[in-house]
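Participant: Sequence first, then the predicted structure:
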Amino acid sequence: MSTRWLTGALLALVLGTVALAAQAEVFDQAGIIRPSDFSEPELEERYRQLGHQLRCPKCQNQSVGDSDSPIALDLRREIRDMLEQGMTDREIKDFMQQRYGDYILYQPRMQQSTVLLWSMPVLLLLVGLGVVVTIARRQRRAATEFEPDEQALEALLSDAHPESGAVDRSQRPKDSQ
Amino acid sequence: MNRFVPLLVFVLMAGLLYLGLGRDPTAMPSELVGRAMPEFALPDLFDAEVEVEEDIFQGEVSLLNVWATWCPTCYVEHRELLALAEQGVRIIGMNYKDDPAEARRVLAQTGDPYAINFVDLDGRFGIHLGVFGAPETYLVDRQGKIRHRHVGAIDQAIWATDFEPLYRQLLEEGS
């Protein structure tokens, strides 16, 4: 019983530390950019968001906001400067895309080369729905298109029980005609 | 007829995925290929009073090599650059986010393949070029237009396959 408590406490400690460390993204090495570096709080908020919308060109699994690589530090400084100069988010992303290419944006822009990328999920969904509907319709048609041979049915019924027309299942059906 | 549909779908997917295997997921092709070298005015490595500008690329085919003393791969590349300079290839150096005094010392020690060397101290110009590490090398034509970029060290094989054909072609252009 006590080991379970110990494990739980240890786990909580580890998770707590991890959570705190995640908050520590603000302390980025030599290129520390503090909230006080911004003339207005909205700029700092936009800075944070842009940091998460751009991919680090060097450490490509991280965003510019999270990465510690030198280029990410440089880009963060550049973003801060551009925000202070009054550039819009769109202009800042354009600036980055013109120098580092489409890949620096996490969300690819809608353009000729990405139309297929964006529309493929919807298209596949429609195709899938089409297939399902076609199959369902075909099955239903097969079920409803079955028309029993009336004459044979009549013959069977009357052969079995001439008076009542009920079918006696203990008897083997005679061949028609 | 319908029985072949799953097979067709499989073949199609297998083909596409096979093509995907050959692609480099980390590739970041330079946006600047086909565009003019961006403007700059940066100090010469050997004389901080002298300003080097983008017009040094006019009139001659050149390589722009982004290098630094903190970059181990640059030392590996250095021998190849010296060999290329020997053959007459014009190499412009950009000392990137480095200590200029240290850079001068290293060049004195290992040899200087650069026709001109300028300093990008804080990396701002590097951002305009789309640089994200060292070494990187750009091939620039006579009009100052960037025609190719290579990320990483250049060795004989890479020069022969990625650079030489285009380099020869650019020498022919407008001569």
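Facilitator: Received it, and whenever you're ready, just let me know what you need. Residues are numbered from 1 along each chain as shown, chains lettered A, B, ... in the order given.

Participant: Contact residues of chain A facing chain B?
Facilitator: For chain A, the residues in contact with chain B (CB under 8 Å from any CB of the partner chain) are A:57-58, A:60, A:70-71, A:74-75, A:78, A:97-101, A:103. Yep, even glycine has a C-beta here, placed from its N, CA and C like the rest.

Participant: and stretch B:20-37, how far apart are its ends?
Facilitator: The distance separating the two terminal residues of stretch B:20-37, taken as CA to CA, to the nearest Å, comes to 33 Å.

Participant: Can you give me the distance of A:L83 to A:Q112?
Facilitator: Per CB to CB, to the nearest Å, A:L83 is found 30 Å from A:Q112.

Participant: who's more crowded, those two?
Facilitator: A:L83 (21 against 6; other CB atoms under 10 Å in any protein chain shown).

Participant: any weak-confidence spans in chain B?
Facilitator: Scanning chain B for pLDDT under 70 picks out the ranges B:1, B:174-175.

Participant: who in it is up against chain A?
Facilitator: Contact residues (CB under 8 Å from any CB) of chain B with chain A: B:26, B:28-32, B:97, B:122-124, B:126-133.

Participant: In the chain, spot the helix with the most residues.
Facilitator: Chain wasn't specified; assuming chain A. Once chain A is assigned using DSSP state H, the helix that runs over the most residues is helix A:115-144.

Participant: My question was about chain B, not that one.
Facilitator: Assignment by DSSP H gives helix B:5-21 as the longest helix of chain B.

Participant: Helix or strand: which one has the residue positioned nearest the centre of chain B?
Facilitator: Nearest residue to the geometric centre of chain B (CA atoms, centre = their mean): B:T137, 1.5 Å. Using DSSP states H and E, B:T137 sits in strand B:136-140.

Participant: Show me what that strand is packed against.
Facilitator: Helices and strands touching strand B:136-140, by 3 or more CB pairs under 8 Å, 6 or more residues apart in numbering or on different chains; DSSP states H and E, are strand B:62-67, strand B:146-151, helix B:164-172.

Participant: who touches the helix or strand that comes right after the first one?
Facilitator: Moving toward the C-terminus from strand B:62-67, the first helix or strand encountered (DSSP H and E) is helix B:72-86. For helix B:72-86, contacts defined as CB atoms under 8 Å, 6 or more residues apart in numbering or on different chains pick out B:63, B:65, B:67-68, B:91, B:110-111, B:113-115, B:134-135, B:152-156, B:159.

Participant: if we go to 10 Å?
Facilitator: Identification of contacts with helix B:72-86 by CB atoms under 10 Å, 6 or more residues apart in numbering or on different chains yields B:63, B:65-69, B:71, B:89-91, B:93, B:96, B:98, B:106-107, B:110-115, B:133-135, B:137, B:152-156, B:158-159, B:163-164, B:167.

Participant: Report the inter-axis angle for it versus strand B:136-140.
Facilitator: Counting by axes from the mean of the first three to the mean of the last three CA atoms, to 10 degrees, helix B:72-86 lies at 30 degrees to strand B:136-140.

Participant: Give the buried residues for helix B:72-86.
Facilitator: B:74, B:77-78, B:80-81, B:84-85 (16 or more other CB atoms under 10 Å in any protein chain shown).

Participant: Tell me the one of the residues you listed nearest A:E150?
Facilitator: If you rank the buried residues of helix B:72-86 by distance to A:E150 using CB to CB, B:E77 comes first, at 90.7 Å.

Participant: That closest one and chain A: what is the separation?
Facilitator: 18 Å (CB to the nearest CB, to the nearest Å).

Participant: swap in B:D47?
Facilitator: 26 Å.

Participant: before we move on, what SS does that residue have?
Facilitator: Following DSSP: H, G, I helix; E, B strand; the rest coil, we place B:D47 in the coil state.

Participant: Near it, how many other residues are there?
Facilitator: So B:D47, with other CB under 10 Å, has 9 neighbours.

Participant: got it, and B:R149?
Facilitator: 21.

Participant: residue contacts, it?
Facilitator: Applying CB under 10 Å, 6+ apart, we find B:R149 in contact with B:28-33, B:64, B:66, B:129-131, B:136-139, B:162.

Participant: Any idea how many residues pack against the one residue in chain B that gets nearest to chain A?
Facilitator: Residue of chain B nearest chain A, by CB to the nearest CB: B:F132 (3.9 Å). B:F132 sits with 26 neighbouring residues when counted by other CB under 10 Å.

Participant: Once you drop chain neighbours, what's closest to it?
Facilitator: Counting by CB to CB, 6 or more residues apart in numbering or on different chains, B:F132 lies nearest to A:P57, which is 3.9 Å off, once chain neighbours are set aside.

Participant: pretty sure that neighbour contacts B:V131?
Facilitator: Yes: the pair A:P57 / B:V131 is scored as a contact, 8.9 Å apart, by CB atoms under 10 Å.

Participant: re the thing from before, now what about the longest helix of chain B, what contacts it?
Facilitator: Identification of contacts with helix B:5-21 by CB under 10 Å, 6+ apart yields A:131, B:4.

Participant: returning to what we had before: quick check: neighbours shared by A:P57 and B:V131?
Facilitator: A:71, A:99-100, B:151.
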